[in-house]
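In: got a predicted structure here, sequence first:
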Amino acid sequence: MACKRGALIVLEGVDKAGKTTQCHKLVQALQRSGRPAEMMRFPDRTTTIGQLISAYLEKKSDLEDHTVHLLFSANRWELVPLMKKKLEQGITLVVDRYAFSGAAFTSAKPGFSLDWCMKPDMGLPKPDVVMFLQLSPTEAALRGQFGEERYENSVFQRAVLQKFEQLMKDPSVNWKVIDASQNVEDVHMNIKNHSLKAITTAESQPLGELWQ
Ligand code: NYM
């Protein structure tokens, strides 16, 4: 009998919401409970495309806005065969950012519609659950200074948050809003509960296609 597929679990949110910490904790908790799980993150800066994106984010290079948007999308597509293989092997993937960051960040730039920004990612493996770590811009600011990378300023982050709010109105995606202002352990328990449900549901459902 073919093994049950793993779940595709995505964590999204504005910067400082605690996505990376929570992804690590979730993978550890799943592994400890005997469920195969691995973490992925986008952008994946290790590939050739990812290195172009990384240089752009670190302001070591300039790229035209449409071009960099398509590179972020290409960076997801290039990992699709690996993602599908792992999911088919029964491995649950916990992903730090996905196409939702792609659409939210670019559409927060002047002259970009959300609709155009979503198009290149249509048909990607569809997450079984997308957890949005919600934190007000005021609380995010209390968590410390932004770094030096592109997009790391409060004005832009507020625009990004509005775009995420638009994306979350889409009922074709299984969104869960998580209150990220709670302490790390409470946020973790919340995320773990949603993830366990998604893992059970995924076992009996084929992997879907995003935004179609
Ligand atoms: N970002 C991330 C995009 O602009 N488009 C995308 O498709 C993705 C996945 O890159 N500011 C932005 C959001 C972040 C930055 O930062 C990646 P980090 O710390 O590697 O998650």
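Out: All right, it came through fine. All values derive from a computational prediction rather than experimental measurement.
In: and the contacts of the helix or strand bottoming out on mean pLDDT in the chain?
Out: Ranked by mean pLDDT, DSSP states H and E, the weakest helix or strand in the chain is helix 137-142, scoring a mean of 81. Defining contact as CB atoms under 8 Å, 6 or more residues apart in numbering, one finds that helix 137-142 is touched by 14-17, 154, 157-158, 161, 181. Using the backbone N, CA and C atoms, a C-beta is placed for each residue, glycine as well.
In: out of the residues you listed, list just those in strands.
Out: Among the contacts of helix 137-142, DSSP state E puts none in strands.
In: PyMOL command to pick out the buried ones of the residues you listed?
Out: To isolate the buried subset of the contacts of helix 137-142 in PyMOL, counting by 16 or more other CB atoms under 10 Å, use the following:
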select buried, resi 14+15+16+17+157+161+181
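In: and which of the contacts of helix 137-142 is nearest the ligand?
Out: Using CB to the nearest ligand atom, Asp15 comes nearest to the ligand of the contacts of helix 137-142, at 5.9 Å.
In: straight-line length of stretch 32-47, end to end?
Out: 30 Å (CA to CA, to the nearest Å).
In: contacts for that stretch next, please.
Out: Contact with stretch 32-47 is made by 6, 20, 23-24, 26-27, 30-31, 50-51, 53-54, 57, 72, 75-76, 78-79, 83, 86, 89-98, 101-102, 199, as judged by CB under 8 Å, 6+ apart.
In: can that stretch be said to contact the ligand?
Out: Yes: shown here: stretch 32-47 in contact with the ligand (CB under 6 Å from any ligand atom) through 42-43.
In: now do that stretch: distance to the chain's middle.
Out: Its chain's C-alpha centre and that of stretch 32-47 lie 12 Å apart, by CA atoms, centre = their mean, to the nearest Å.
In: what about dumping the CA coordinates of the longest helix anywhere in the chain to PDB?
Out: In the chain, taking DSSP state H as the definition, the longest helix is helix 184-203. The C-alpha atoms that make up helix 184-203 are tabulated as PDB, following Å, rounded to 0.1, in the frame of the first residue of the first chain:
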ATOM      1  CA  VAL A 184       6.200  31.600  22.300                       C
ATOM      2  CA  GLU A 185       4.800  28.400  24.000                       C
ATOM      3  CA  ASP A 186       1.200  29.400  23.600                       C
ATOM      4  CA  VAL A 187       1.700  30.300  20.000                       C
ATOM      5  CA  HIS A 188       3.400  27.000  19.500                       C
ATOM      6  CA  MET A 189       0.500  25.000  21.000                       C
ATOM      7  CA  ASN A 190      -1.900  26.800  18.800                       C
ATOM      8  CA  ILE A 191       0.100  26.100  15.700                       C
ATOM      9  CA  LYS A 192       0.700  22.500  16.600                       C
ATOM     10  CA  ASN A 193      -3.000  21.900  17.100                       C
ATOM     11  CA  HIS A 194      -3.900  23.300  13.600                       C
ATOM     12  CA  SER A 195      -1.000  21.300  12.100                       C
ATOM     13  CA  LEU A 196      -2.100  18.000  13.600                       C
ATOM     14  CA  LYS A 197      -5.500  18.500  12.100                       C
ATOM     15  CA  ALA A 198      -4.000  19.400   8.700                       C
ATOM     16  CA  ILE A 199      -1.800  16.300   8.800                       C
ATOM     17  CA  THR A 200      -4.800  14.000   9.500                       C
ATOM     18  CA  THR A 201      -6.900  15.700   6.700                       C
ATOM     19  CA  ALA A 202      -4.000  15.500   4.200                       C
ATOM     20  CA  GLU A 203      -3.700  11.700   4.700                       C
END
